[in-house]
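S.K.: Here's my sequence, what's the structure:
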Amino acid sequence: MVWSRNRKIIFLFSSILGLLMVGLASFLPFMGAKAAAPKAMLTLTARQAQAAANCSKKTASPSQYQVIGNANTVQWGYFSKKSPPVLAVHSKDYVTMDLITHHAGDDYARMIQGDPGIESIYQWTASEKGVKERGPGVHVLTGPVYICDAEPGDLLEVRIVDLKLKPSGNPKYAGKTFGSNAAAWWGFHYKNLSQEPKPREVITIYEMDATGKQQYAKAAYSFKWTSQTTPDGKSHATIDYPGIVVDHGKVKETLNVLNGVKVPLRLHIGAMGLAPKEADIVNSIPPGYFGGNMDNRHVAAGTSMYYPVSVPGALFSAGDAHAAQGDSELDGTAIETSLVGKFQFILHKQAKLAGTILDKVDYPLLETPDSWIVHGFTFRNYLAELGPDAQTKIFQLSSLDPALKDCSTKLRDFLMNGMNLTEDEAYSLMTVSGDFAITQVVDGNWGVHGIIPKAMFNPKQIKPKPVA
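M.R.: Have a look, this model is predicted:
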């Protein structure tokens with residue numbers, strides 16, 4: 001999703017009492033516990049001290065943790081190296097996390113009501129918000145999770161062990177999950193509409209079976225966006241602010257949409273990554289070397305994402321959960337829904353990367369059971385390349401040409417380093433057997449991903465993975 005807005009983020013520094021509360025509440029084991037620390041902003045020194053205290057406790061076997069999605073365990077619209085962690089884990093530990101959609105307000109009854117955690121996130125009255133700071137981006141990101149011993153120069157492997165639909169909390173819709181597709185003003189299609197009225201934004205609500213028996217989504221209804229008034233008295237003629245709860249008394253629902261069509265489920269995560277080093281607050285919309293909102297439908301259960309670490313503790317966050325999406329995310333969003341994800345974190349120290357297939361990987365790299373997938377962007381590191389106004393300029397300068405060049409360059413280098421190919425061999429192989437696809441054209445830093453099948457290679461030709 002694209003949301004090119006400038007918005008100042010006010011830093012709140014914790015008191016001694018706040019620090020103690022975070023230390024007591026943030027790090028709880030999987031057995032029914034909730035990591036639900038107050039989200040007061042800490043100084044970097046205080047955050048490091050807190051994490052170090054929890055990192056001193058290490059068990060012989062991997063531990064399992066759970067983070068319940070609520071107003072205390074999410075950051076709305078940004079990645080930040082200043083955010084206090086909701087959890088500290090060691091390499092090889094497992095974390096189960098709620099991934100709450102930022103589009104739940106499109107249908108409060110189906111996607112928010114009855115779930116206390118989601119209700120707390122979306123709470124908004126004339127006097128208060130459940131999550132006070134929203135923006136400059138749009139995504140509800142659970143986290144961050146601090147990875148013990150992670151340092152700049154390391155590589156963090158995030159294994160997606162499992163993804164499941166999060167059921168509706170409303171008893172009226174027991175066993176169901178719902179999602180929203182927004183054909184919105186940031187969509188690539190928006191200036192290419194053929195039917196009246198033009199322009200228009202249209203929300204389509206999809207229904208899914210949360211029990212897993214039916215592996216498809218069906219459209220329930222759609223509606224055209226009409227001006228919505230939020231509790232602060234502001235009118236929103238377009239979808240221009242995160243977390244707007246739609247008043248369905250002001251829209252006309254169209255039933256019998258996409259009759260007979262069953263959309264295959266492809267559960268995946270649109271936005272997950274690490275805190276970048278270049279700025280204190282980084283808009284959640286444009287992706288980059290740190291990962292973030294890549295919107296790649298292949299980021300699914302059974303895959304591993306590799307991210308370069310740029311700040312102590314890595315600070316992993318995830319959100320923007322999707323039920324299904326095609327390459328390009330053309331009209332603005334996927335089927336935005338809420339999922340429950342289980343992750344395992346494997347830390348690869350910089351000193352152990354030399355001579356391995358992961359040496360020199362300083363970009364998001366996805367490994368599936370069958371392929372390696374390299375991600376390219378309009379700008380490899382827009383935060384560094386575009387100067388002080390990078391988070392504004394990136395929305396004005398996106399193009400697929402440099403994204404394809406960046407992706408093909410990274411894939412060339414990956415093949416030369418990891419498979420010991422010459423440059424000529426790499427380009428030939430990429431051309432005759434690789435697939436380049438449009439990841440997305442709606443996120444400010446447009447993306448192309450290159451897919452190379454593993455089966456072509458003789459195992460003896462491939463460099464080994466580092467020992468975790």
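
S.K.: so what's Ala46 scoring on pLDDT?
M.R.: Looking at Ala46, its pLDDT reads 63.

S.K.: now do Met208
M.R.: In this model, Met208 is scored at 98, pLDDT.

S.K.: Likewise for Ile9?
M.R.: On the pLDDT scale, Ile9 is placed at 37.

S.K.: cool, and Ala49?
M.R.: At Ala49, the model reports a pLDDT of 67.

S.K.: Next: Asn54.
M.R.: Per-residue pLDDT puts Asn54 at 81.

S.K.: what's the burial count for it?
M.R.: 18 (other C-beta atoms under 10 Å). For the C-beta atoms, the positions are set from N, CA and C on the backbone; glycine is no exception.

S.K.: Roughly how far does the closest residue to Glu157 other than its chain neighbours sit from Asp93?
M.R.: Distance criterion C-beta to C-beta, 6 or more residues apart in numbering; nearest residue to Glu157, sequence neighbours excluded, is Ile346 at 4.0 Å. Per C-beta to C-beta, to the nearest Å, Ile346 is found 10 Å from Asp93.

S.K.: Among the two, which residue is more densely surrounded?
M.R.: Asp93 (23 against 18).

S.K.: helix or strand right after the one helix or strand the residue nearest to Glu157 maps to?
M.R.: Assessed by DSSP states H and E, Ile346 sits inside strand 339-348. Next along the chain after strand 339-348, taking DSSP H and E as the criterion, comes strand 365-367.

S.K.: Distance check, Cys55 against His248.
M.R.: Here Cys55 is placed at a distance of 47 Å from His248 (C-beta to C-beta).

S.K.: out of the two, which sits in the more crowded spot?
M.R.: Per other C-beta under 10 Å, whichever of Cys55 and His248 has more neighbours is Cys55, with 19 against 13.

S.K.: Spatially nearest residue to the more buried one, not counting backbone neighbours?
M.R.: Nearest to Cys55 is Cys148, by C-beta to C-beta, 6+ apart, at 3.6 Å.

S.K.: how deep is that neighbour tucked in, by neighbour count?
M.R.: For Cys148, the neighbour count with other C-beta under 10 Å is 20.

S.K.: Leu386 too?
M.R.: Counted with other C-beta under 10 Å, Leu386 comes out at 17.

S.K.: Spit out the contact partners of it.
M.R.: Residues near Leu386 by C-beta atoms under 8 Å, 6 or more residues apart in numbering: Phe379, Lys393, Ile394, Leu397.

S.K.: Same check on His268?
M.R.: Counting by C-beta under 8 Å, 6+ apart, His268 touches Leu163, Asn296, Arg297, His298, Val299, Ala300, Ala321, His322, Gln325.

S.K.: What separation do you get for the closest residue in space to it that isn't next to it in sequence and Pro171?
M.R.: Among residues not flanking His268 along the chain, Ala300 sits closest, at 4.4 Å (C-beta to C-beta, 6+ apart). As for Ala300, its distance to Pro171 is 30 Å (criterion: C-beta to C-beta).

S.K.: repeat for Gly447
M.R.: Here the criterion is C-beta to C-beta. By it, Gly447 lies 40 Å from Pro171.

S.K.: the more surrounded of those two?
M.R.: Taking other C-beta under 10 Å, Gly447 and Pro171 do not tie; Gly447 has more neighbours (31 against 8).

S.K.: Show me what that one bridges to in the sheet.
M.R.: As for beta bridges, Gly447 partners with Phe377, Gln440 under DSSP bridges.

S.K.: now do Gln66
M.R.: Thr96.

S.K.: That one: how many residues sit nearby?
M.R.: Gln66: 20 neighbours (other C-beta under 10 Å).

S.K.: tell me the domain ranges of this structure?
M.R.: Domains of the chain are assigned by automatic domain parsing as 1-349, 365-461.

S.K.: phi, psi of the residue nearest to the spatial centre of the chain?
M.R.: Nearest to the mean C-alpha position of the chain, counting by C-alpha atoms, centre = their mean, stands Ala271 at 1.3 Å. When read as degrees, to the nearest 10, the backbone of Ala271 gives phi -130, psi 110.

S.K.: got the contact list for it?
M.R.: His139, Leu141, Ser284, Pro287, Gly292, Asn293, Met294, Asp295, Ala318, Gly319, Asp320 are the contacts of Ala271 under C-beta under 8 Å, 6+ apart.

S.K.: Quick one, grab the pLDDT at it.
M.R.: At Ala271, the pLDDT recorded in the model is 98.

S.K.: so how far is Ala390 from it?
M.R.: For Ala271, the distance to Ala390 - C-beta to C-beta - is 18 Å.

S.K.: No further queries at this time; thank you.
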